[in-house]
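> Okay, here's the prediction I keep looking at, along with the sequence it came from:
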Amino acid sequence: MNSWTANNSSVNSNGTDLTIGFTSSAIAVFLFGTNFVPVKKFDTGDGNITVVPIVKTIGLGLGLLIWASFNLLTGWASSRFGWFGIDPEEVSKPILNYIGAGLSVLSTIIFLFVKSEVQSSSTSLEVTPLLRERSVNNSENTYSDASWVDSLSPVRKRVIGCTLAVVAGIFYGSSFVPVLYIKDHGRRNGTVYTGASQFDLDYVFAHFSGIFLTSTIYFLIYCAVMKNKPKVYPEAIIPGFVAGVLWAIANCCWFIANHYLSAVVSFPIITAGPGFVAAMWGVLVFKEIKGLKNYLLLTVAFCVILAGSLSTAFSKI
């Protein structure tokens, strides 16, 4: 009787963990696919390092799909095989897990053939930069509102956009490595991290602080390169703040999913899933992706990436 009770309690606990993990994953998927929508209709100047140039060159839908795929591959492989000094993670059905990752790779290839049409935003009197140098009758100090992206040819835009999306995906996929490293070494005796917390949400503040510090450094470097004339638009401030809040909530949900599902399961789901949401914004609202061929490619890609996500999810059960 005691044995049956213990086993039943274990099953209920495992079921609760899976419910929390997959619910957190679903919330993260929706918010990651939506968090750039608030800033989409506003001129953001040069923006941050990769996101804004990617959106301006290849669009919200295709850009997020590409970097999410490389995010998936980097995060999944580092967790599955124990790269960068972290412990390799096991799943109950490894074959399904490999199939899920393989299908995600296939979807990446399909997405590369989807063409998007991105309209460059026109700057009006109401979207003039917040920070700019005032000058009168001085042609050398005339401020140009055009971004460096706007002067690129369509081919260069596609090449640069896809390249930045790949680089961004690799860095995104590595962002949880320090947390996983500390947790893994926290379970060992005689290390600096012995006794470290095993609850992923405890590392959110340090994670966000690192992002804030790095972004500040990037912005200061950008201001120096622009000779103290950064392109900062007042109308983009509140939408940018909203986008950041959505991203922060999504990232917290990702931390929770990592804890209850493990990174080797959460990464394929959370990195592949936002592509569905972003592409729907790109197709239905922003009209970036048009034409029967592109719709067919997206449909095939969605089916492949859905199969990959389900395979990854069932590999845990």
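Thanks, I have it. Bear in mind the structure is a predicted one, so any value in this text is a computation, not a measurement.
> CA atoms of stretch 95-113 as CSV?
Taking C-alpha atoms only, stretch 95-113 is exported to CSV below (Å, rounded to 0.1, in the frame of the first residue of the first chain):
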residue,chain,number,x,y,z
ILE,A,95,15.6,8.8,-30.9
LEU,A,96,12.6,11.1,-30.9
ASN,A,97,14.8,13.8,-29.5
TYR,A,98,17.3,13.4,-32.5
ILE,A,99,14.4,13.3,-34.9
GLY,A,100,13.0,16.6,-33.5
ALA,A,101,16.4,18.3,-33.9
GLY,A,102,16.8,16.9,-37.4
LEU,A,103,13.4,18.2,-38.5
SER,A,104,14.3,21.6,-37.1
VAL,A,105,17.4,21.6,-39.3
LEU,A,106,15.3,20.7,-42.3
SER,A,107,12.8,23.5,-41.5
THR,A,108,15.7,26.0,-41.5
ILE,A,109,16.7,25.1,-45.0
ILE,A,110,13.1,25.5,-46.2
PHE,A,111,12.8,28.9,-44.5
LEU,A,112,15.8,30.2,-46.4
PHE,A,113,13.9,29.9,-49.6
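> pLDDT averaged over that stretch - what is it?
Mean pLDDT, computed over stretch 95-113, is 80.
> From the chain's centroid, how far away is it?
Here stretch 95-113 shows a centroid-to-chain-centroid distance of 17 Å under the convention Cα atoms, centre = their mean, to the nearest Å.
> Pull the residues that contact it.
The contact list for stretch 95-113 (Cβ atoms under 8 Å, 6 or more residues apart in numbering) reads 62, 65-66, 69-70, 72-73, 76-77, 80, 91, 162, 264-265, 268, 272, 275, 297, 300-301, 304-305, 307-315. C-beta here means a position set from N, CA and C on the backbone, and glycine is covered the same way.
> Just the ones in strands from the residues you listed, please.
Taking DSSP state E, every one of the contacts of stretch 95-113 sits outside strands.
> Buried only: go through these for me.
Those of the contacts of stretch 95-113 that meet the buried threshold are 62, 65-66, 69-70, 72-73, 76, 80, 91, 162, 264-265, 268, 272, 275, 297, 301, 304-305, 307-315, by 16 or more other Cβ atoms under 10 Å.
> Just the CA trace of the helix or strand in which residue 54 is found, in PDB.
In the assignment (DSSP states H and E), residue 54 maps to helix 51-58. The C-alpha trace of helix 51-58 is given here as PDB (Å, rounded to 0.1, in the frame of the first residue of the first chain):
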ATOM      1  CA  VAL A  51      17.500  42.600 -34.200                       C
ATOM      2  CA  VAL A  52      16.600  45.900 -35.900                       C
ATOM      3  CA  PRO A  53      18.900  45.400 -38.900                       C
ATOM      4  CA  ILE A  54      17.400  41.800 -39.300                       C
ATOM      5  CA  VAL A  55      13.800  43.100 -39.200                       C
ATOM      6  CA  LYS A  56      14.700  45.900 -41.700                       C
ATOM      7  CA  THR A  57      16.500  43.600 -44.200                       C
ATOM      8  CA  ILE A  58      14.600  40.300 -44.300                       C
END
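> Who are the packing partners of it?
helix 60-81, helix 154-174 (3 or more Cβ pairs under 8 Å, 6 or more residues apart in numbering; DSSP states H and E).
> middle-most residue in this structure, spatially?
residue 68 (5.8 Å; Cα atoms, centre = their mean).
> Between helix 60-81 and the helix or strand where residue 253 lies, find me the angle.
Using DSSP H and E, residue 253 sits in helix 237-261. If you take axes from the mean of the first three to the mean of the last three Cα atoms, to 10 degrees, helix 237-261 sits at 30 degrees to helix 60-81.
> Can you point out the buried residues in helix 237-261?
Counting neighbours by 16+ other Cβ under 10 Å, one finds that the buried residues in helix 237-261 are 239-240, 243, 246-247, 250-261.
> Can you list the low-confidence ranges for the protein?
1-13, 44-47, 60-61, 108, 111-112, 116-147 (pLDDT under 70).
> What segments of the protein are helices?
Applying DSSP state H to the chain gives helices spanning 2-34, 37-40, 51-58, 60-81, 94-111, 154-174, 177-186, 204-225, 237-261, 263-272, 274-280, 292-314.
> Can you give me the buried ones in the fifth one?
What that stands for is helix 94-111. 96-101, 103-104, 106-108, 110-111.
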